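Peer 1: From the sequence below, what's the structure:
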Amino acid sequence: MKSIFFRRAFSHVSVRHVAVVMACLLFFSAMGYTQQADPPQEERKAGDRMVLTIKDVKYAFRWCPPGTFMMGSPEDEGGMEPDEMGKLYEKQHRVTLTRGFWILETEVTQAMWASVMGANTSNFKGPNLPVEMVSWNDCQDFIKKLNASLAGTPDAPAGFKFSLPTEAQWEYACRAGTNTAYHFGDTLNNDQANFGNSIFEKPLRGTSEVGSYPANAWGLHDMHGNVFEWCLDSFAVYPDHAATDPIQPFPTGRELLRGETACVLRGGSWITIAWGCRSANRAHQDPSERNKHNFIGFRLAMICEALADKEKKNE
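Peer 2: Have a look, this model is predicted:
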């Protein structure tokens with residue numbers, strides 16, 4: 001009976017029809033139109049790469065899986081004497097991130113910024129240089145506009161949206177499984193990053209093109225030096241206990257207008273000494289500050305919407 005059914009069902013399909021269908025499938029596959037399902041989070045591996053094209057500009061992201069790590073630093077890290085400020089603001093504690101996230105392979109470039117915002121106010125000009133002289137507030141405007149384009153973006157992962165990374169996400173991504181002062185080890189040299197000491201060895205007097213220096217184990221470039229990177233959190237003392245998906249409430253409304261809070265900066269910059277580029281090093285700045293700092297930029301993350309909802313509750 002089964003063979004009779006198939007003979008009747010497909011008796012009208014000629015060899016020519018089959019040949020045409022197969023030719024179309026081969027054409028679309030060759031042109032890159034084959035639709036592939038986004039793998040479940042548990043099947044993704046650390047450092048898996050995803051490229052999105054938005055407004056004709058490519059954004060390369062790397063996957064950071066859920067995990068637990070030690071956030072902060074030992075009191076004597078970096079070869080410097082421990083001080084009270086270091087003990088207070090870099091206090092080591094265990095952090096668990098329950099959700100994986102995507103993070104941009106490099107800092108946001110001027111080409112990315114200009115394609116969305118229409119203007120480039122960076123001091124050092126170049127499409128592949130990191131955007132700088134942008135405030136935390138400016139980054140939020142950029143992200144809002146980028147999220148508005150996300151629905152129509154081919155291959156965008158379902159259930160994710162653009163955001164600044166939380167401070168915990170940033171350090172977790174930077175470390176990429178390491179527990180040393182830098183993801184390269186306990187020292188940093190000028191072949192590994194664009195940081196302040198480079199002015200004595202190379203004619204660098206500003207930012208370098210993104211991706212010019214070696215990546216960490218998860219494929220992320222420039223996590224040390226080049227430009228400081230804004231994080232989502234406001235600056236605060238770390239807790240005395242382990243934390244899960246931590247985020248410090250970020251500034252809104254009157255706090256922003258009155259400058260009553262500061263947001264976190266990570267990674268160091270082209271004018272920062274090596275110690276200030278450590279994985280655990282923390283800096284902060286007024287979220288509205290823009291015009292004086294040609295060493296502050298940012299890096300995009302793509303976080304799951306469930307985590308984004310948690311972040312909104314902190315507003």
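Peer 1: how far away is the closest residue in space to Asp245 that isn't next to it in sequence from Thr244?
Peer 2: In space, and not counting its chain neighbours, Asp245 is closest to Thr98: 5.7 Å by CB to CB, 6 or more residues apart in numbering. Quick note: C-beta positions are derived from backbone N, CA and C, even for glycine. Noted for Thr98: a distance of 6 Å to Thr244, by CB to CB, to the nearest Å.
Peer 1: What of Lys125?
Peer 2: From Lys125 across to Thr244, the span is 42 Å (CB to CB).
Peer 1: More neighbours: which of the two?
Peer 2: Shown here are Lys125 and Thr244; by other CB atoms under 10 Å, Thr244 has more neighbours (11 against 8).
Peer 1: got the contact list for that one?
Peer 2: Val95, Thr96, Leu97, Thr98 (CB atoms under 8 Å, 6 or more residues apart in numbering).
Peer 1: What of Trp63?
Peer 2: Here Trp63 is in contact with Arg44, Lys45, Ala46, Gly47, Asp48, Arg49, Met50, Gly100, Phe101, Trp102, Trp218 (CB under 8 Å, 6+ apart).
Peer 1: mind checking the SS state of Ser212?
Peer 2: What DSSP: H, G, I helix; E, B strand; the rest coil gives for Ser212 is coil.
Peer 1: re earlier: most neighbours among the contacts of Thr244, please name it.
Peer 2: Val95 leads the contacts of Thr244 on contacts (other CB under 10 Å) with 24 neighbours.
Peer 1: That one should be in a helix, yeah?
Peer 2: No. Under three-state DSSP, Val95 sits outside any helix and is assigned strand.
Peer 1: Need the pLDDT of it.
Peer 2: Val95 carries a pLDDT score of 98 in this model.
Peer 1: list the contacts for it?
Peer 2: Per CB under 8 Å, 6+ apart, neighbours of Val95: Thr68, Phe69, Met70, Met71, Ala168, Tyr172, Ala242, Ala243, Thr244, Pro246.
Peer 1: Could you report the neighbour count for Thr53?
Peer 2: Other residues within reach of Thr53, judged by other CB under 10 Å, total 11.
Peer 1: Check the secondary structure at it for me.
Peer 2: Using three-state DSSP, the structure places Thr53 in strand.
Peer 1: Tyr182 versus that one, what's the distance?
Peer 2: In this view, Thr53 and Tyr182 are 32 Å apart by CB to CB.
Peer 1: Same check on Asn137?
Peer 2: Following CB to CB, the distance that separates Asn137 from Tyr182 is 30 Å.
Peer 1: Okay, domains of the protein per the record?
Peer 2: For the chain, automatic domain parsing gives the domain ranges 1-34, 42-313.
Peer 1: wait, doesn't Arg94 sit right on Ala168?
Peer 2: No. Contact between Arg94 and Ala168 fails when scored by CB atoms under 8 Å: they sit 10.9 Å apart.
Peer 1: and the domains of the chain, which one is worst for confidence?
Peer 2: domain 1-34 - the lowest mean pLDDT of the domains of the chain, at a mean of 38.
Peer 1: Do a quick rundown of the helices in the chain.
Peer 2: 2-9, 15-30, 84-89, 110-117, 136-148, 167-175, 253-258, 305-313 (DSSP state H).
Peer 1: now the fourth one against helix 136-148, angle please.
Peer 2: Calculated by axes from the mean of the first three to the mean of the last three CA atoms, to 10 degrees, helix 110-117 forms an angle of 70 degrees with helix 136-148.
Peer 1: returning to what we had before: so Asn137 and Tyr182 - more neighbours on which side?
Peer 2: Taking neighbours as other CB under 10 Å, Asn137 and Tyr182 compare with Tyr182 leading, 26 against 17.
Peer 1: how many neighbours does Ser149 have?
Peer 2: Per other CB under 10 Å, the neighbour tally for Ser149 reads 14.
Peer 1: If you count neighbours, what's buried in stretch 165-185?
Peer 2: For stretch 165-185, a neighbour-count test (16 or more other CB atoms under 10 Å) marks 165-176, 178, 181-184 as buried.
Peer 1: swap in stretch 263-282?
Peer 2: For stretch 263-282, the neighbour count (16+ other CB under 10 Å) marks 263-272, 274-282 as buried.
Peer 1: partner residues bridging Arg62?
Peer 2: Per DSSP bridges, the residues bridged to Arg62 are Arg49, Ile103.
Peer 1: Could you check how many residues crowd around it?
Peer 2: Count around Arg62 with other CB under 10 Å applied: 22.
Peer 1: is it true that it touches Gly219?
Peer 2: Yes. Assessed by CB under 8 Å, Arg62 is found in contact with Gly219 at 4.6 Å.
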